[in-house]
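In: Sequence and predicted structure below; questions after.
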Amino acid sequence: MAPRYSIVITTKNNRITIGPVLFSTLLLARQFDTELIIIDGKSRDGTLEVIKTFLTGYGKFYTATEVLHDPGLSLSYARYLGFKKTKGDVLILLDGDIVLTPSIIHLEDELKDSDLLALSTIILPLDKAAKKFDTFQYTLNFLSSAQQNIRFTHPSILPTARVFRRKVLEIMKGYPPLSRFFAEDRITTTLAVQLGFRYRYTLKIKVIKIDEPGYQAYWKKHFRYGKGIVHDIVPLGKSLLKKYIILRKITYINVIFPILSLLFFIKAYFVTKSLKSSLDIFLLKYFIDLAMFLGEIEGSICIMNVCDSLIK
């Protein structure tokens, strides 16, 4: 008997991308019992209008649909709200710019020996920046696939899961509602693995990420990640991700001595057999580490300023 699926989409100001995301969920809804839960974080760009139009035309394909409104606190809180409304056996967590592909039909087979799945991500090559980051992502996918069975790999370093059997999130009470700015998916994945649930990273099921074009968008995103390492307010999360955070801080050595960039260059050449693509990955690794490093510095300065103001 096929499982019942719950697709949870968190979105905020994704008017351009939310349409393709919603239509992609029909790949499951047309064949299986599927409910659709959408959580909007106070969108102001017409995202809700696109959602309402879609549900009017295609809502009949789902066993249930619901649109929730979260106060825009964090992605983690939005996922927490969505989980609380679901009834399915398997939950698929998407963002307003993550599109399912026909490979999702393999989901039942991939879950046979797994409780949570990390999916392979393809970045839609809208411009040069996106194309280069897709090559970077492809290399990471390859490395993740090769390393996931190594026993000494800490769970916090694994690619984050987007598919969970219901029992996993029920035991964990869903996503951490207070986590902000950083690593809600990584916290949840790490905790699930440490609790003994069966994790798997699959190259067989792919999703498409529709990134905002331009290097500036990638800089802002990774800068925010770095800042979030400092600002996340969940002690449990920081404890679970301690090894990841330590490793992340060690990689900042790359900003001064780009040794890691060189290693990525070598690994990328092994995967792509292209000097140009390998050089792009060398530069992107440096670009990402620099953005996160500066983001963490700003986050630390902000916290010190707050502490100083409280003391005064």
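Out: On my side now, so go ahead.
In: Give me the distance from the strand or helix carrying Ile246 to the chain's centre.
Out: Ile246 is part of helix 242-250 when elements are defined by DSSP states H and E. How far helix 242-250 lies from its chain's middle: 18 Å, per C-alpha atoms, centre = their mean, to the nearest Å.
In: other SSEs contacting that helix?
Out: Identification of packing neighbours for helix 242-250 by 3 or more C-beta pairs under 8 Å, 6 or more residues apart in numbering; DSSP states H and E yields no helix or strand. Just so you know, the C-beta spots here come from the backbone N, C-alpha and C atoms, and that holds for glycine as well.
In: tell me the mean pLDDT over that helix?
Out: Helix 242-250 carries an average pLDDT of 85.
In: Following it in sequence, what is the next regular element?
Out: Following helix 242-250 toward the C-terminus (DSSP H and E): helix 253-256.
In: Outside of that next one itself, list whatever touches it.
Out: 259-261, 285-286, 289-290, 293 (C-beta atoms under 8 Å, 6 or more residues apart in numbering).
In: Return the subset of those residues lying in helices.
Out: Here DSSP state H is the test, and these give 259-261, 285-286, 289-290, 293 as lying in helices.
In: For the chain, which segments count as helices?
Out: 18-24, 26-29, 47-58, 75-85, 107-110, 128-147, 166-172, 184-194, 215-231, 235-240, 242-250, 253-256, 259-272, 275-311.
In: Any buried residues in the last one, and which?
Out: In this case it means helix 275-311. Neighbour counts over helix 275-311 (16 or more other C-beta atoms under 10 Å) mark 277-278, 280-282, 284-296, 299 as buried.
In: got it, and the first one?
Out: The neighbour-count check on helix 18-24 (16+ other C-beta under 10 Å) flags 18-22, 24 as buried.
In: Quick check: which helices or strands does that helix pack against?
Out: Using 3+ C-beta pairs under 8 Å, 6+ apart, helix 18-24 is in contact with strand 5-11, helix 47-58, strand 98-100.
In: Then the longest one?
Out: Where contact means 3+ C-beta pairs under 8 Å, 6+ apart, helix 275-311 is packed against helix 128-147, helix 215-231, helix 253-256, helix 259-272.
In: buried set for the shortest one?
Out: Buried residues in helix 253-256, counting neighbours by 16+ other C-beta under 10 Å, are found at 254-255.
In: how far out from the middle of the chain is it?
Out: Put simply, helix 253-256 sits 25 Å off its chain's centre (C-alpha atoms, centre = their mean).
In: now swap in stretch 60-76 and tell me
Out: So, by C-alpha atoms, centre = their mean, the centroid of stretch 60-76 is 17 Å from its chain's centroid.
In: Can you give me the end-to-end span of it?
Out: End-to-end distance for stretch 60-76, by C-alpha to C-alpha, to the nearest Å: 29 Å.
In: Buried residues, that stretch. List them.
Out: For stretch 60-76, burial by neighbour count (16+ other C-beta under 10 Å) applies to 62, 65, 68, 70, 74-76.
In: returning to what we had before: let's have the contacts of helix 253-256 in a markdown table, adding pLDDT.
Out: Formatted as a markdown table, these follow (pLDDT from 0 to 100):
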| residue | pLDDT |
| --- | --- |
| Ile259 | 90 |
| Leu260 | 87 |
| Ser261 | 90 |
| Lys285 | 91 |
| Tyr286 | 93 |
| Asp289 | 93 |
| Leu290 | 95 |
| Phe293 | 92 |
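In: ok, Phe136 to Lys204 distance?
Out: 21 Å (C-beta to C-beta, to the nearest Å).
In: Quick check on these two: which one has the bigger neighbour count.
Out: Set Phe136 next to Lys204 and count neighbours by other C-beta atoms under 10 Å: Phe136 wins out with 22 against 13.
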